[in-house]
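K.L.:
pasting the sequence and the predicted model now:
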Amino acid sequence: MYYYLHGLITMHTKDSIVVECHGVGYDCLVSHPDEYEIGENMFVYVSYYSHEDDQFFIGFKTLEEKILYGKLTSVKGIGPKTAINALSQTSVGRLSDAINNSDENFLVRLPGIGKKNASQIILDLKGKLTNIDLNTRFGDKNLDLAYDGLKNLGFKDNEIRQALNGISKTGLSVEEYMTTALRILNTR
């Protein structure tokens, strides 16, 4: 539903940041709020959580962190707050290594993860985190993000690739790539 927010970091607390986008401030739980510089204009990858009486954004500085979070929350018994709290105590690389190396002792030291959860995480995710270090598809991170945005809008892979490959300019922002690609897609 939501993939990222692009805006100004206006404040942070011990476990969240506020990203202002076009005059609206979005509160996002994040793993390391101090890594977001107040006054910096940046992309924050997000995941939106909505349940009966609770809804919030979880923010990520990197796409790798967002992917690992998604994999963690796919494990039975690991909710969004447990996953983000675990990420707040370590790095993506260290957590991936612990899972791939069946390091249950490391996992149980993370907040909210007990022995049973640690075993389930290893069982479900061991060997599935090897491609978490992303390589760009187009050689341009903004173009890759535009691809992801168009994919989330429901366009098919071959349509997106044709549209993006039809853009002659390079070095555009994500928004410029998406706008140009949407124009191409709408003429077909």
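P.N.:
Right, received. Where do you want to start?
K.L.:
use CA for all of it now, contacts and neighbours both
P.N.:
OK.
K.L.:
show me where the protein has helices.
P.N.:
Residue ranges of the helices in the chain, as given by DSSP state H, are 63-73, 80-88, 92-100, 104-108, 115-125, 141-152, 157-165, 174-186.
K.L.:
quick one: closest of the ones you listed to Thr13.
P.N.:
Set against Thr13 and scored by C-alpha to C-alpha, the helices of the chain come closest in helix 80-88, at 13.4 Å.
K.L.:
tell me the helices and strands packed up against that closest one.
P.N.:
Under the contact criterion of 3 or more C-alpha pairs under 8 Å, 6 or more residues apart in numbering; DSSP states H and E, helix 80-88 touches helix 63-73.
K.L.:
most centrally placed residue in the protein?
P.N.:
What sits nearest the mean C-alpha location of the chain, by C-alpha atoms, centre = their mean, is Lys66, with 2.7 Å.
K.L.:
any idea of the pLDDT on that residue?
P.N.:
At Lys66, the model reports a pLDDT of 90.
K.L.:
my guess is it contacts Leu72. True?
P.N.:
No - the pair Lys66 and Leu72 fails to qualify as a contact (C-alpha atoms under 8 Å) at a distance of 9.9 Å.
K.L.:
returning to what we had before: and the residue nearest to the centre of the chain, what does it touch?
P.N.:
Contacts for Lys66 (C-alpha atoms under 8 Å, 6 or more residues apart in numbering) come out as Tyr45, Val46, Ser47, Gly59, Phe60.
K.L.:
what about those, which one has the most neighbours?
P.N.:
The most crowded member of the contacts of Lys66, judged by other C-alpha atoms under 10 Å, is Gly59 (30 neighbours).
K.L.:
need the contact list for that residue.
P.N.:
Contacts of Gly59 (C-alpha under 8 Å, 6+ apart): Cys28, Leu29, Val30, Ser31, Val44, Tyr45, Val46, Ser47, Lys66.
K.L.:
quick one: the fifth one and Tyr26, what's the gap?
P.N.:
Val44 sits 11 Å away from Tyr26 when distances are taken as C-alpha to C-alpha, to the nearest Å.
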